[in-house]
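Colleague: Have a look at this prediction, sequence included:
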Amino acid sequence: MNRLPTQLALISAYSNTLKGLKLSMDKDPFHRMDVDPSTVIQQLTFPVLRKLSIIVRRNTHQVVASLLRRCPALEHAVIELDHTYKSDGILSSMTADYLPRIEQLDLVAQKDMEVGCDELTLILESHHRRAFNNPISTGVPQSFLRKVSLSCFTISSSSDLLVLLASLPKMEAIVLSDLTVSKETMDDFANTLITASESSSSTTSLKQLSLIRLQDALTDDTIGVFCSIPTLKSLELQRIFRITDKCAQHFVKAASHLERLVVQRCPLISVDSLNQAKESGVKHVVFSSMLLRRRTGQTTLLICVVTESKRQINK
């Protein structure tokens with residue numbers, strides 16, 4: 001009889017008591033098995049597993065999908081897909097039907113992957129059904145999803161993925177990094193966030209927004225919409241190439257509710273804009289920019305950290 005590989009043997013032995021599980025499948029750990037590892041996983045349950053972190057690689061997609069469907073108490077999932085992933089069931093196994101207690105999703109694709117928005121949309125639609133149904137009258141449980149991070153996905157202009165994300169009522173933190181996304185899609189995302197926050201029946205609680213390496217998808221006006229979200233406490237902008245010092249007026253207006261502002265590698269924004277934000281009442285401001293020293297040909301990273309009591313400049 002073929003022995004189970006070490007990873008699968010350990011998972012099988014402790015499935016009932018595991019609270020955290022981290023798997024890196026750089027090499028297929030199941031390739032010598034005579035039995036389909038998905039079949040083994042389907043015979044297990046993970047009743048107390050709270051956090052699952054997996055780097056998915058070739059030939060392990062079905063195993064990971066089976067595993068995700070056996071974790072009813074999972075609260076935090078970190079899934080990094082490889083370039084071979086093509087709608088193989090992993091993302092569709094992360095809907096609220098399979099992960100009813102999920103609070104945080106960190107999903108990472110690979111650049112230039114041909115992964116559409118359909119499965120990601122299914123995840124958010126499942127939480128929408130729960131969020132906007134009365135559990136007493138319908139019997140549908142509520143959604144617990146409050147933190148989402150999406151990295152390296154391609155968001156088509158016809159997709160309502162980001163609109164769904166923006167309108168989830170319990171969402172507290174959103175991180176969008178390295179997305180291939182249009183300006184129009186980001187404008188819709190921003191406008192949905194502000195519309196939700198201004199609704200008379202609003203339960204929007206967005207506190208943290210991080211926008212990283214979105215290149216040309218954001219403008220000064222879009223940043224102004226984000227700054228108008230009254231619940232927003234932390235705004236992080238990294239490598240956004242089109243925003244300028246015109247954002248200073250938006251940072252100043254947001255000072256009444258914004259507590260943390262981070263601007264890094266945005267070449268058209270100067271430290272003066274951040275100083276205006278600090279002087280208007282933003283408690284913690286971080287600024288960094290690339291400075292080119294033409295005489296020496298050297299590149300220096302300027303980091304300016306402004307705290308409540310002092311400003312430090314490190315070269």
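Modeller: Everything's here; your move.
Colleague: CA atoms for contacts and neighbours, from now on please.
Modeller: OK.
Colleague: Mind checking which residue lies nearest the centre of the chain?
Modeller: residue 149 (0.7 Å; CA atoms, centre = their mean).
Colleague: Confirm for me that residue 99 is in contact with residue 71.
Modeller: Yes. Taking contacts as CA atoms under 8 Å, residue 99 lies within contact range of residue 71: 6.7 Å.
Colleague: got a list of contacts for the top helix by length along the chain?
Modeller: When the chain is parsed with DSSP state H, its longest helix is helix 183-198. Outside helix 183-198, the residues within contact range by CA atoms under 8 Å, 6 or more residues apart in numbering are 157, 162-163, 166-167, 202-204, 216-219, 222, 225-226, 228-230.
Colleague: what are the C-alpha coordinates of stretch 123-132, in CSV please?
Modeller: Extracted C-alpha coordinates of stretch 123-132, given in CSV (Å, rounded to 0.1, in the frame of the first residue of the first chain):
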residue,chain,number,x,y,z
ILE,A,123,-17.2,35.1,-4.0
LEU,A,124,-18.4,38.6,-3.4
GLU,A,125,-21.9,37.9,-4.7
SER,A,126,-22.2,35.1,-2.2
HIS,A,127,-21.4,37.6,0.6
HIS,A,128,-23.8,40.2,-0.8
ARG,A,129,-26.6,37.7,-0.6
ARG,A,130,-25.8,37.2,3.1
ALA,A,131,-25.2,40.9,3.8
PHE,A,132,-28.4,42.2,2.4
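Colleague: in that stretch, what counts as buried?
Modeller: 123-128, 130-131 (16 or more other CA atoms under 10 Å).
Colleague: Ok, stretch 244-251 next?
Modeller: Those would be 244-248, 250-251, for stretch 244-251 by 16+ other CA under 10 Å.
Colleague: before we move on, what about stretch 264-284?
Modeller: 264-267, 269-271, 273-278, 281-284.
Colleague: and residue 271, what are its phi and psi?
Modeller: For residue 271, the backbone dihedrals (degrees, to the nearest 10) come out as phi -60, psi -20.
Colleague: again, but for residue 23
Modeller: Per degrees, to the nearest 10, the backbone of residue 23 is at phi -120, psi 130.
Colleague: Spit out the contact partners of it.
Modeller: Neighbours of residue 23 in contact, by CA under 8 Å, 6+ apart: 53-55.
Colleague: PyMOL command for the buried members of these?
Modeller: Entered in PyMOL, the line below selects the buried ones among the contacts of residue 23, by 16+ other CA under 10 Å:
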select buried, resi 53+54+55
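Colleague: Report the contact partners of residue 84.
Modeller: 57-58.
Colleague: Same question for residue 171.
Modeller: Contacts of residue 171 (CA under 8 Å, 6+ apart): 145-147, 165, 204-206.
Colleague: low-scoring stretches of the chain, by residue?
Modeller: The model of the chain has pLDDT under 70 over residues 1-6, 25-38, 86-88, 112-116, 134-141, 199-204, 290-315.
Colleague: repeat that with 80
Modeller: 1-9, 24-42, 57-60, 83-88, 111-117, 133-141, 198-204, 289-315 (pLDDT under 80).
Colleague: show me where it has strands.
Modeller: Counting by DSSP state E, the chain has strands at residues 20-24, 51-55, 76-80, 104-108, 147-151, 173-177, 208-215, 234-240, 260-264, 284-293, 298-306, 311-314.
Colleague: what are the pairing partners of the third one, and which direction each?
Modeller: What that stands for is strand 76-80. Strand pairing for strand 76-80, using DSSP bridges, gives strand 51-55 (parallel), strand 104-108 (parallel).
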